[in-house]
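> With the input below, show me the fold.
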Amino acid sequence: MANKLLATDDGWAGLLLRLTLGLVILPHGAQKLLGWFGGGGFQGTLQGFEANFGLPAFVTVLVIVAEFFGSIGLVVGFLTRLCAAGIAAVMLGALFMVHLPNGFFMNWMGTQQGEGYEFHLLAIGIALTLMVVGGGKASVDRAMSRR
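Residues are numbered from 1 along each chain as shown. As a prediction, this is how the structure comes out:
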């Protein structure tokens, strides 16, 4: 089982996709966990997710873990498939709970009530691809699966 989770080729696709997704999601996780980049930090995120979305604390903690530690996992290629699955789940939740009513497009002109879901679809697509191909070149998964 562990071998299937870690198995990956030595291709560039996994490397490029995991770096892209990991580096894009990491600041969002840092907002939620550490309060960086104008985020609320751990306590603020817990309170905000409960007040705004009715999410229990354990679900909010899973979101924070998936975004912060999952994105770090993707950057180094450690448990790539698991990290990608966590991020896909968070993006699906955000799409359906927050962004779906705002339509497809991001709010470039400031004329919508909120942001659309196009970003989330891209993130989900990248995450699903990583779940299929694995971490690729220069990943911890690759190094561990060789043993």
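> Can you report phi and psi for residue 139?
Dihedral pair for residue 139: phi -110, psi 150, per degrees, to the nearest 10.
> Neighbours of the residue lying closest to it once chain neighbours are set aside, how many?
In this structure, residue 139 finds its nearest non-sequential neighbour in residue 77, 2.4 Å apart by CB to CB, 6 or more residues apart in numbering. No exception for glycine: its C-beta is placed from N, CA and C like everyone else's. When neighbours are counted by other CB atoms under 10 Å, residue 77 registers 27.
> Contact partners for residue 77?
With contact taken as CB atoms under 8 Å, 6 or more residues apart in numbering, residue 77 is in contact with 8, 14, 15, 18, 135, 136, 138, 139, 140, 141, 142.
> Could you report the separation of it from residue 109?
Residue 77 sits 38 Å away from residue 109, going by CB to CB, to the nearest Å.
> Output the helix or strand hosting residue 90 as PDB, nothing but the C-alphas.
Assigned by DSSP states H and E, residue 90 falls within helix 80-94. Below are the C-alpha coordinates for helix 80-94, written out as PDB (Å, rounded to 0.1, in the frame of the first residue of the first chain):
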ATOM      1  CA  THR A  80       2.300  13.800  -3.000                       C
ATOM      2  CA  ARG A  81      -0.900  11.900  -3.700                       C
ATOM      3  CA  LEU A  82      -2.200  12.400  -0.100                       C
ATOM      4  CA  CYS A  83      -1.300  16.100  -0.100                       C
ATOM      5  CA  ALA A  84      -2.900  16.600  -3.500                       C
ATOM      6  CA  ALA A  85      -6.000  14.800  -2.300                       C
ATOM      7  CA  GLY A  86      -6.300  17.100   0.700                       C
ATOM      8  CA  ILE A  87      -5.900  20.200  -1.400                       C
ATOM      9  CA  ALA A  88      -8.500  18.900  -3.900                       C
ATOM     10  CA  ALA A  89     -10.900  18.300  -1.100                       C
ATOM     11  CA  VAL A  90     -10.400  21.900   0.300                       C
ATOM     12  CA  MET A  91     -10.800  23.400  -3.200                       C
ATOM     13  CA  LEU A  92     -14.100  21.400  -3.700                       C
ATOM     14  CA  GLY A  93     -15.400  22.600  -0.400                       C
ATOM     15  CA  ALA A  94     -14.500  26.200  -1.200                       C
END
